[in-house]
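Engineer: Pasting a predicted model and its sequence here:
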Amino acid sequence: MAAPPQERAVDSKPYIRHHPVLGYEYAPDTVHELPRPGGGRYRLRTNAEGIRSDRTYTRARPVGVRRVLVFGDSFAAGQYVSNDQRFSELLEARRPDLEVINFGLEGTGTDQQLLLFEEVGRHYEHDALVLMPFLQNIRRNLVEARAAADPASGAMVLIPKPRFELTPQGLQLRNVPVRDERRLAPAGLGADDAIVPGRWWRRLAAQAPGAGWLKRQVGRLRPWEPFPEYADPKHPAWQLMEALIERFIAGAEGKPILLVPVFYVSYLRQQMARNYWDRFQSLARHPNVRVVDLLPPFRDLGAEAESVFLEPHDCHFSPAGHLVLANVLERELAAVGAISG
């Protein structure tokens with residue numbers, strides 16, 4: 001039954017359209033100049049296949065060209081930076097013999113990224129994969145709808161998505177076909193709060209005077225763990241994440257995979273628990289998987305380290321962050337033989 005009008009909202013991002021399996025996708029052949037948090041604008045363009053790119057790609061890899069596919073959420077997609085400022089385009093500009101097809105799709109979980117690989121990405125001939133799981137994806141993977149801000153009204157809406165359930169028989173896909181609807185989220189919920197109810201008090205605490213200083217002092221005694229699901233290798237949320245990535249690995253059919261966990265700026269500002277690294281690093285037991293740690297190259301920037309994010313206006317990578325990421329991935333892709341050294 002349709003919800004009454006006052007209980008419905010529209011996610012009006014002009015470059016997004018519904019997809020019955022993925023939940024949503026980029027609309028093909030679209031160009032938009034969009035506002036950037038803190039001022040300025042950025043350019044988002046998609047090609048005829050609905051990939052965010054200024055160019056088109058053939059399914060068959062061109063002769064003499066190496067090709068890498070990238071999967072992730074808004075950090076991989078380059079939220080709030082123009083296409084030509086993203087790490088994928090920077091890598092292509094450096095190497096005429098390299099194609100980097102960036103399938104990053106904002107707001108998605110690792111489950112949706114897996115489906116995007118299986119539904120679309122695997123049909124593009126490639127030499128390597130880059131998977132960039134944002135730490136919060138361990139929670140996005142658990143639900144059939146996630147909270148996000150409606151860009152038109154600012155209201156929080158619930159965006160339906162597919163979901164996998166880990167059963168004794170393996171991964172079972174649920175909530176497909178995905179409904180084409182947006183419902184207003186319950187009052188008081190912020191982005192992704194629908195995934196772990198009861199976290200509202202953390203937002204209030206973070207806004208209190210001196211909260212940042214207090215976190216740093218406490219962190220010296222006990223590193224803060226915002227995602228305790230990573231602390232236990234037997235936690236159901238991690239076991240689901242692990243199963244999703246292992247299905248990626250199986251689908252790669254032996255091709256190299258760079259697994260690049262992505263985190264918030266807080267991991268640069270203060271002492272944070274590194275349980276997530278232990279979990280993702282455990283997947284290096286697969287011979288074709290190389291796990292990449294972004295913390296050292298970011299910290300090597302010293303006083304400029306926080307410039308890799310769009311802080312204080314937004315949590316995503318800045319153009320400077322994409323440049324560092326391009327440097328790291330170029331080195332790591334050479335290390336696994338996906339490109340020449």
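Structural biologist: Thanks, I have it. Since this is a predicted model, take the numbers as computed values, not measurements.

Engineer: Which stretches in the stretch 151-300 of the chain count as helices?
Structural biologist: Applying DSSP state H, counting those that start in this stretch to the stretch 151-300 of the chain gives helices spanning 200-206, 211-221, 236-252, 266-269, 275-281, 295-299.

Engineer: Please name every helix or strand in contact with the fifth one.
Structural biologist: This means helix 275-281. helix 236-252, strand 289-291 (3 or more CB pairs under 8 Å, 6 or more residues apart in numbering; DSSP states H and E). All C-beta spots, glycine's among them, are computed from the backbone N, C-alpha and C.

Engineer: before we move on, the earlier item: compare the mean pLDDT across the helices of the stretch 151-300 of the chain and name the weakest.
Structural biologist: Of all the helices of the stretch 151-300 of the chain, the minimum mean pLDDT falls on helix 200-206 (a mean of 44).

Engineer: that older thread, would you convert the helices and strands packed on helix 275-281 into CSV that also reports distance to Arg45 and mean neighbour count?
Structural biologist: Shown next, in CSV, are those (distance: least, CB to CB, whole Å; neighbours: other CB atoms under 10 Å):
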stretch, distance to Arg45, mean neighbour count
helix 236-252, 27, 19
strand 289-291, 31, 20
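
Engineer: Out of these, flag the one nearest Arg59.
Structural biologist: Each of these has some distance to Arg59 by CB to CB; the shortest is helix 236-252, at 16.3 Å.

Engineer: So which elements touch the closest one?
Structural biologist: Using 3+ CB pairs under 8 Å, 6+ apart: helix 236-252 touches helix 110-119, strand 128-132, helix 137-140, strand 163-167, strand 170-174, strand 257-259, helix 275-281.

Engineer: contact partners of it?
Structural biologist: 71, 110-111, 114, 117-118, 122, 129, 131, 133, 137-139, 141-142, 164, 166, 170-171, 229-230, 232, 257, 259, 279, 282-283, 286, 288-289 (CB atoms under 8 Å, 6 or more residues apart in numbering).

Engineer: Give me the buried subset of the residues you listed.
Structural biologist: Those of the contacts of helix 236-252 that meet the buried threshold are 71, 110-111, 114, 117, 129, 131, 133, 137-139, 141-142, 164, 166, 171, 229-230, 257, 259, 279, 283, 286, 289, by 16 or more other CB atoms under 10 Å.

Engineer: ok, back up a step: okay, the helices and strands packed on helix 236-252 in CSV with distance to Ala60 next?
Structural biologist: Formatted as CSV, the helices and strands packed on helix 236-252 follow (distance: least, CB to CB, whole Å):
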stretch, distance to Ala60
helix 110-119, 18
strand 128-132, 17
helix 137-140, 31
strand 163-167, 30
strand 170-174, 29
strand 257-259, 21
helix 275-281, 32
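
Engineer: closest to Glu225 out of these?
Structural biologist: Closest to Glu225 of those, according to CB to CB: helix 275-281, at 6.2 Å.

Engineer: so how far is that closest one off the chain centroid?
Structural biologist: 17 Å (CA atoms, centre = their mean, to the nearest Å).

Engineer: who's in contact with Met272?
Structural biologist: Taking CB under 8 Å, 6+ apart, one finds Gly219, Pro223, Trp224, Glu225, Pro226, Phe263, Ser266 in contact with Met272.

Engineer: May I ask which of the residues you listed has the most neighbours?
Structural biologist: Phe263 (21 neighbours; other CB atoms under 10 Å).

Engineer: residues near Pro14, how many?
Structural biologist: Neighbour tally, Pro14, other CB under 10 Å: 11.

Engineer: just the one 3 residues further on next, same as before
Structural biologist: For Arg17, the neighbour count with other CB under 10 Å is 14.

Engineer: The nearest residue to Arg279 once chain neighbours are set aside and Pro297, how far apart?
Structural biologist: Distances taken as CB to CB, 6 or more residues apart in numbering put Tyr230 closest to Arg279, at 5.0 Å, once the chain neighbours are dropped. Here Tyr230 is placed at a distance of 21 Å from Pro297 (CB to CB, to the nearest Å).

Engineer: same thing with Leu22?
Structural biologist: Distance from Leu22 to Pro297, by CB to CB: 31 Å.

Engineer: Just to check, Arg67 is in contact with Arg61?
Structural biologist: Yes. Using CB atoms under 8 Å, Arg67 is in contact with Arg61, at 4.7 Å.

Engineer: The two: which has the busier surroundings?
Structural biologist: Arg67 (21 against 15).
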